[in-house]
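Enquirer: I need the structure of the sequence given here:
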Amino acid sequence: MNSIKNVPARVLSRRPGHSLEAEREQFDKTQAISISKAINTQEAPVKEKHARRIILGTHHEKGAFTFWSYAIGLPLPSSSILSWKFCHVLHKVLRDGHPNGHLHDRYGQLVNVYTKLLLTKISFHLKHPQFPAGLEVTDEVLEKAAGTDVNNIFQLTVEMFDYMDCELKLSESVFRQLNTAIAVSQMSSGQCRLAPLIQVIQDCSHLYHYTVKLLFKLHSCLPADTLQGHRDRFHEQFHSLRNFFRRASDMLYFKRLIQIPRLPEGPPNFLRASALAEHIKPVVVIPEEAPEDEEPENLIEISTGPPAGEPVVVADLFDQTFGPPNGSVKDDRDLQIESLKREVEMLRSELEKIKLEAQRYIAQLKSQVNALEGELEEQRKQKQKALVDNEQLRHELAQLRAAQLEGERSQGLREEAERKASATEARYNKLKEKHSELVHVHAELLRKNADTAKQLTVTQQSQEEVARVKEQLAFQVEQLEEKSDQLEKLKRELEAKAGELARAQEALSHTEQSKSELSSRLDTLSAEKDALSGAVRQREADLLAAQSLVRETEAALSREQQRSSQEQGELQGRLAERESQEQGLRQRLLDEQFAVLRGAAAEAAGILQDAVSKLDDPLHLRCTSSPDYLVSRAQEALDAVSTLEEGHAQYLTSLADASALVAALTRFSHLAADTIINGGATSHLAPTDPADRLIDTCRECGARALELMGQLQDQQALRHMQASLVRTPLQGILQLGQELKPKSLDVRQEELGAVVDKEMAATSAAIEDAVRRIEDMMNQARHASSGVKLEVNERILNSCTDLMKAIRLLVTTSTSLQKEIVESGRGAATQQEFYAKNSRWTEGLISASKAVGWGATQLVEAADKVVLHTGKYEELIVCSHEIAASTAQLVAASKVKANKHSPHLSRLQECSRTVNERAANVVASTKSGQEQIEDRDTMDFSGLSLIKLKKQEMETQVRVLELEKTLEAERMRLGELRKQHYVLAGASGSPGEEVAIRPSTAPRSVTTKKPPLAQKPSVAPRQDHQLDKKDGIYPAQLVNY
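Expert: Purely as a prediction, here's the structure:
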């Protein structure tokens, strides 16, 4: 058991003077025993009773002073078990002990806050090792630490906020315990509290700068509403930090130790990206600390006496015993020492001045460094501002596009609502018209009722008048009765008035009659009134019914509108569901169609692969085939390629129907495989060189066909399928098959006419095929290219199409002129006899026709290579020149025997001029396209000295001489090639020798050699004086383009 070795003196100094001291001594003793039993080196758990006594002791003395006075004396570093149990007991005291704990004094509270700050700092630097303890990193390190993930940037900003809160809380706690007077900072107690704030100021300046950077970065990635909490927290910290810097800069203590930066009046506006450029990094400057005045090391060992004013305690023993030497007070050595002391003091003052000057220079340099750093930071801010502005503009552009789409959608909804509103308004207008009609009828009835009441009033007035007359008559009769006695007296008067009485009676009778009439009329009017009243009541009832009907109709209309809106919503939902179902079914249909197509392509690839493998199969060596059958198979395969292209076009038009493409693919695969197999079988009976070429062409055809099948199996490459890949090797197989036909029956003098017609027809067919291929290339170029390349390709292909059309018209006109020549010159002879008679002219015509067909084929191949960027523009130019020369030769051959006044001849010449113009257009469009496509590097002479320029000039001159020499050699080679060509062409002395001298075994060349079936005319060149009119040959100018 460990005992407490160092008992506090305060506890030992107490003596039991009275009961309170005895009680206090007993309490201290009990606490010491509990602490020693709870915290010891025994590996056993802490007993609850000891821990409970310690906790009750803290509540008894309203703090943990006794606990800490004993705990300080524990040898914690000596035993790990002792340290562990101390942590356990301390944890219990902190949890259940008195709230004052060990932080009951003012420094205790500061220690609590400072401890939290240090823990936060340690955890931050452990989590982010990129930040050193001084927190000073570059912007690149900050960007790397933040990363590109928005969540990481968000979390790092929160952690820096927490870090800043701890720093500011410590500064607020220190300032709260100090008096606001400035003089407090000059007191030792105040400086003791203020000293740690220097590190707080340094940390806060960096944290403020980093949080500004991170918040601007967050606002460039997230909406402003999401970061409202961050902005509020930053604003609160900004104002606290600004007040902290302001109060600290006003204190004298900090003015000589640290240069505190000034923060702006307001926080940065994170909603404006350009505000980052206005942010200035706060820089804290710590002046170089002046070293404390130390006594310089004396060069001469001297002893200094006591300071002035201080009495000498002990005198020198030597002086006391023997007195001063020689009776003098100071000797020369003392004077030298004093002078050296004065010099040392002077040097020390000068050293101080030099140190102060150096410190001033260092401060100036530091201020310059800070200014340069500020300028560098300003440049970085400008860069960041430009990036942020660019990002903001992109964001605004995206918002504008979204707003435009939303406006278009709102416009559609508004139009739909307007249509519904117009329909509802029409229905409302109908009801309104009906209501107006009912109101009009009701008003009419009211008017009739008023008229009837008026008539009734007039009738009542007439009846009252009659009643008044009756009353007057009755009154008169009563007077007559009363004056009966006076009747006699008035007899005369009576007789006089008898007439009046008679008239009165007559009037009375009339009045009674009118009364009866009025009574009857009154009855009639009463009946009419009753009828009208009934009608009015009926009308009112009808009106009420109509009004109720209108209300019911309006209610029904509103219900109908609600129901229609609900039905519309349901229908729209069903429609959306149906559309999604239809879309799914449509996509499923497209997938199924493509699966069928892919399966067919895979099967076709298997068939073609099997056919290609037959070429290397030893068992296939015994299979043979004829060239005629091979030619028929190759021709059908070429037709199947055209059908395949049509099926591909139909499939691209309607992806839901792949039947045509599958059928064409099946037919093509079988025919192509049959062609490859029969090509191998035909090569078994052919000579070595043609057999090898045929086998190679069949392999190439199989490879191109398999490549085509691969494109059909890829959904992306399917749209850009190029069936022309297979057409070229199939045409090569067809050509080789025709070469392998028996040559004995090719051309005889008697069959020259048939050969002429055949060659003219073949030329027309070649031109037609060229036009079709150019159209196919045009369509492919439109799908595969765009922009300047598409424009150049379209211009070149359009000029080639125009040239082909002009050549086709020239061939047609030449055929018509040829028929006219034969009909006008043969007389009684047959057409075959005419051609046999003029065999040399016929040979020239056949040769020119072949040359035109060959030129058209070469022009198409050159154009195809140029469009696919695998050929040269010069090949297209040379082909244009060649085809122009070939057509000129055909015109010359046709013009030999024609009548100069023949209309066909005039048309032929016009067609020849058109061909020359179109050929020139091809050359011009090719050259302009070449200049437009090819990039020309601009020569940069910057940075070249005079010597380097002269050196490059000499190298360029050497290169020019080499190229001129190469050009001259190539021109000589071209001349020799042409000379040899004419020699070989002139070797054919008879019409039937042309085919015999063809180089059948030479490999096919793309640009320098021509295929055997499209040779130039085999006519021997003669001098002008050797030409004979009977031969049918006239001199023609061959232009060297």
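Enquirer: is it true that Asp162 touches Ser123?
Expert: No. Here Asp162 does not reach Ser123: they are 9.4 Å apart, not a contact under CB atoms under 8 Å. Placement of C-beta: from N, CA and C, glycine included.
Enquirer: now do the buried residues in stretch 654-670.
Expert: Buried residues in stretch 654-670, counted by 16 or more other CB atoms under 10 Å: 658, 660-662, 664-670.
Enquirer: residues making contact with that stretch?
Expert: With CB atoms under 8 Å, 6 or more residues apart in numbering as the contact definition, stretch 654-670 has outside contacts at 586, 589-590, 593-594, 596-597, 600-601, 603-605, 607-608, 637, 640-641, 643-644, 646-648, 650-651, 705, 709, 712.
Enquirer: please report phi then psi for the residue lying closest to Ala766 once chain neighbours are set aside.
Expert: Excluding its sequence neighbours, the residue lying closest to Ala766 (CB to CB, 6 or more residues apart in numbering) is Gly853, at 3.9 Å. Recorded main-chain torsions at Gly853 are phi -60, psi -40, according to degrees, to the nearest 10.
Enquirer: my read: Gly853 touches Ala761, true?
Expert: No. Look at Gly853 against Ala761 with CB under 8 Å: they stay out of range, at 10.1 Å.
Enquirer: look at these two and report which has more neighbours.
Expert: When Gly853 is set against Ala761 and neighbours are counted by other CB atoms under 10 Å, the residue ahead is Gly853, at 26 against 13.
Enquirer: surely Phe234 touches Asn269?
Expert: No. Proximity of Phe234 to Asn269 does not meet the contact threshold set by CB under 8 Å, at 11.5 Å.
Enquirer: lowest-confidence helix or strand of this protein?
Expert: For the chain, using mean pLDDT, DSSP states H and E, the weakest element among its helices and strands is helix 993-996, scoring a mean of 32.
Enquirer: need the residue closest to the centroid of the chain.
Expert: The centre of the chain sits closest to Ala398, judged by CA atoms, centre = their mean, with a distance of 9.0 Å.
Enquirer: okay, and it sits in which element?
Expert: Assigned by DSSP states H and E, Ala398 belongs to helix 332-482.
Enquirer: ok, now Thr966?
Expert: Element membership of Thr966, judged by DSSP H and E, is helix 946-986.
Enquirer: what's the mean pLDDT across stretch 21-28?
Expert: Along stretch 21-28, the predicted confidence averages to a pLDDT of 86.
Enquirer: off-centre distance for it?
Expert: 83 Å (CA atoms, centre = their mean, to the nearest Å).
Enquirer: so what's the residue nearest to Glu875 when sequence neighbours are not counted up against?
Expert: Nearest non-adjacent residue to Glu875, counting by CB to CB, 6+ apart: Ala862, 4.3 Å away. With contacts taken as CB under 8 Å, 6+ apart, Ala862 has the following neighbours: 871, 875-876, 878-879.
Enquirer: with neighbour numbers in mind, choose between Phe234 and Asn269.
Expert: Between Phe234 and Asn269, counted using other CB under 10 Å, the more crowded position is Phe234 (22 against 13).
Enquirer: just the pLDDT for the more buried one.
Expert: As summarised for this prediction, Phe234 has a pLDDT of 92.
Enquirer: straight-line length of stretch 145-152, end to end?
Expert: Start to finish, the residues bounding stretch 145-152 are 9 Å apart (CA to CA, to the nearest Å).
Enquirer: which residues sit against it?
Expert: Stretch 145-152 is contacted by residues 128, 130-131, 137, 153, 156, 214, 217-218, 221-222 when judged by CB under 8 Å, 6+ apart.
Enquirer: ok, 7 Å please
Expert: Residues external to stretch 145-152 that are found in contact with it (CB atoms under 7 Å, 6 or more residues apart in numbering): 128, 130-131, 153, 156, 214, 217, 221-222.
Enquirer: buried set for whichever strand or helix holds Ser799?
Expert: Here Ser799 is covered by helix 787-825, with elements defined by DSSP H and E. The neighbour-count check on helix 787-825 (16+ other CB under 10 Å) flags 789, 792-797, 799-818, 820-822 as buried.
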